[in-house]
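[1] fold the following for me, if possible:
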Amino acid sequence: MSQAINSLFDFNDKVQVAALGHRMRRSQVITSNIANAETPGFRALGYDFEKQLQEVTGGSEAIPVRTNNPKHLHNAFTQADGTIRPDVFVRPTESVAHDGNTVDIDTEMAQFSENQILYRASVETLNRKLGMLRYAISGGR
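    Numbers count the residues shown, from 1 in each chain. The predicted structure is shown next:
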């Protein structure tokens, strides 16, 4: 039964679910930056996973490597089963306030808005897939 359920969701669906988790994590990082906008010496953090996600999905020119053991690594940020391991990092910045804080509230709000739009798009895509499955299960009623 589990195999039948797994076959309902393809690789793209699994990528969408993974992207949701990473977008949630990015949202947490951005809200942390916003909350610390007035904290002296706070360095703005970043969370970038799109490049890694693109490489996992085959969007780059690299040829995917096949592995026979989950401990084999494709690269530094991807496990052999395709899960992504991005890190939270201190974002390089050109503007540093007199108190040493590097948070630009306008940049953070723009990134937060973009992240929320992409998060909602992923949710909508998955909802449509589930709606089609529900429609098929109910016999078109």
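[2] rest of the way, CA atoms for contacts and neighbours
    OK.
[3] sec struct for the residue nearest the centre of the chain, please.
    Centroid check for the chain by C-alpha atoms, centre = their mean gives H22 as the closest residue, at 2.9 Å. On the three-state scheme (DSSP: H, G, I helix; E, B strand; the rest coil), H22 is labelled helix.
[4] which one is it nearest to, not counting chain neighbours?
    Computed as C-alpha to C-alpha, 6 or more residues apart in numbering, the closest residue to H22 that is not its neighbour in sequence is F49, at 7.1 Å.
[5] quick one: neighbours of that neighbour, just the number.
    Other residues near F49 come to 18 when the count uses other C-alpha atoms under 10 Å.
[6] that one is in contact with P86, isn't it?
    Yes. In this structure F49 lies within contact range of P86 using C-alpha atoms under 8 Å: 5.8 Å.
[7] and A19, how far is that from T107?
    A19 is 22 Å from T107, where distance means C-alpha to C-alpha, to the nearest Å.
[8] between those two, which has more neighbouring residues?
    Higher neighbour count among A19 and T107: A19, with 20 against 12, using other C-alpha under 10 Å.
[9] next helix or strand past the one helix or strand the more buried one maps to?
    Taking DSSP states H and E as the definition, A19 sits inside helix 11-35. Next in sequence after helix 11-35, counting helices and strands by DSSP H and E, comes strand 45-47.
[10] can you show me the helices along the protein?
    For the chain, the helices defined by DSSP state H occupy 2-8, 11-35, 50-56, 105-137.
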